[in-house]
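Undergrad: Give the three-dimensional model of this entry:
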Amino acid sequence: MDSETNLRHTTVAPHEIFSLGGGLPVRRLGYGTAQLTGPGYWGPRHADPRDAVAVLRRAVERGVQLIDTADNYGPAVAEELIAEALHPYPEGLVIATKGGVVRTSADAWHIDGRPESLRAMCDASLRRLRRETIDLYQLHRLDPKVPLADQLGTLLELRAEGKIRYLGLDTIGPEELAAAWELAPIASVQNRYNLLDRGSEELLGLCERHGIAFLPWFPLGNGGLAGGAARALDLVAERHGAGHGQIALAWLLHRSPVLLPTPGTGSLAHLEENLAAADLALSPADMKLLESAADR
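TA: Here you go, the predicted structure:
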């Protein structure tokens, strides 16, 4: 990786840029690392880690400025691959990771928001990523057994120590975001959201009003964008000479300026397809057709 590369000066249209936390400008279409791990986000996906390294490097070569990961992808696998592929990091590359969930198997997810646990998880992520500061540190889940003030208070302490720059939350509701906002500045949320699953519309509206980034997970519906929207996707895709997945990503980019999709893949070819979605200009008629079909 060429350490002289300055991603912050990549020439892109203004609407493609979002200022994360008000201080980190990134291209809105990023890359997620979950698909670099195996089934259940357990272990590596590729027998040869060079395959994953190639995907990460190509994403950055293609202008990706936001990479989203988590300490429990693997566990640890995804963060270690990021460092192997991209360290020393080019200027302007933003890495977001998550803590607060412990994995003991491919099927076991244990929420742990105790202050001592969050601190240890953050320190471990810093070591694996080979960074002094994590750009965006997100609570992967809120721990119902630990006061919210204690969980966010720990992240604020880590921020004061220079270990994290911005705070984010994963899988929350509007009321939880409002409560969190009273305790700490929240730069991002992550909830499931795509063309066919828009249950977080109220949360999206709240993010728009406060300038909070919304990183939709399963932006492609985990491969399940079909049903009532299939015909609409066919028609719009045909108009643009694109695939269903590209149209679904373009829909997110057009739907709201705070949506920052980070689709994941372990395939170089699929990566190129996903990133090409940023070049699609959907018309108001396209958007109306897609949204009306998804509502049926």
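
Undergrad: how about residue 219, secondary structure?
TA: Following DSSP: H, G, I helix; E, B strand; the rest coil, residue 219 is assigned to coil.

Undergrad: Setting aside sequence neighbours, what's the nearest residue to it?
TA: residue 261 (4.1 Å; Cβ to Cβ, 6 or more residues apart in numbering). Where you see a C-beta, it was placed from the backbone N, CA and C, and this is true even at glycine.

Undergrad: For the residue nearest to residue 84 when sequence neighbours are not counted, give me its contacts.
TA: Distance criterion Cβ to Cβ, 6+ apart; nearest residue to residue 84, sequence neighbours excluded, is residue 53 at 5.8 Å. Contacts here follow Cβ atoms under 8 Å, 6 or more residues apart in numbering; on that basis residue 53 touches 81, 84, 85.

Undergrad: Go ahead and confirm the first one touches residue 56.
TA: It stands for residue 81. Yes: at 6.5 Å, residue 81 and residue 56 qualify as touching, with contact defined as Cβ atoms under 8 Å.

Undergrad: what residues do those two have in common as contacts?
TA: 33, 36.

Undergrad: quick one: which of the two has more around it?
TA: For residue 81 versus residue 56, neighbours defined as other Cβ atoms under 10 Å are more numerous around residue 81 (26 against 23).

Undergrad: From residue 191, how far off is that one?
TA: 25 Å (Cβ to Cβ, to the nearest Å).

Undergrad: Residue 199 too?
TA: Distance from residue 199 to residue 191, by Cβ to Cβ: 8 Å.

Undergrad: swap in residue 234?
TA: In terms of Cβ to Cβ, residue 234 sits 28 Å off from residue 191.

Undergrad: same deal with residue 206?
TA: Taking Cβ to Cβ, one finds residue 206 at 11 Å from residue 191.

Undergrad: and if you look at residue 271?
TA: Counting by Cβ to Cβ, the gap from residue 271 to residue 191 is 24 Å.

Undergrad: Kindly report the same for residue 162.
TA: 29 Å.

Undergrad: These two: who's more crowded?
TA: residue 191 (21 against 9).

Undergrad: surely the more buried one meets residue 172?
TA: Yes: the pair residue 191 / residue 172 is scored as a contact, 6.9 Å apart, by Cβ under 8 Å.

Undergrad: what's across from residue 68 in the sheet?
TA: residue 32, residue 96 (DSSP bridges).

Undergrad: Run a quick neighbour tally on it.
TA: 28.

Undergrad: residues contacting it?
TA: 30, 31, 32, 33, 96, 97, 190, 215, 262.

Undergrad: After the longest helix seen in the chain, which helix or strand is next?
TA: Determined from DSSP state H, the single longest helix within the chain is helix 115-129. Going down the chain from helix 115-129, the next helix or strand is strand 134-139, by DSSP states H and E.

Undergrad: buried ones in the helix or strand just after that following strand?
TA: Next helix or strand after strand 134-139 toward the C-terminus (DSSP H and E): helix 148-160. Within helix 148-160, the residues that count as buried by 16 or more other Cβ atoms under 10 Å are 148, 151, 152, 154, 155, 156, 158, 159.
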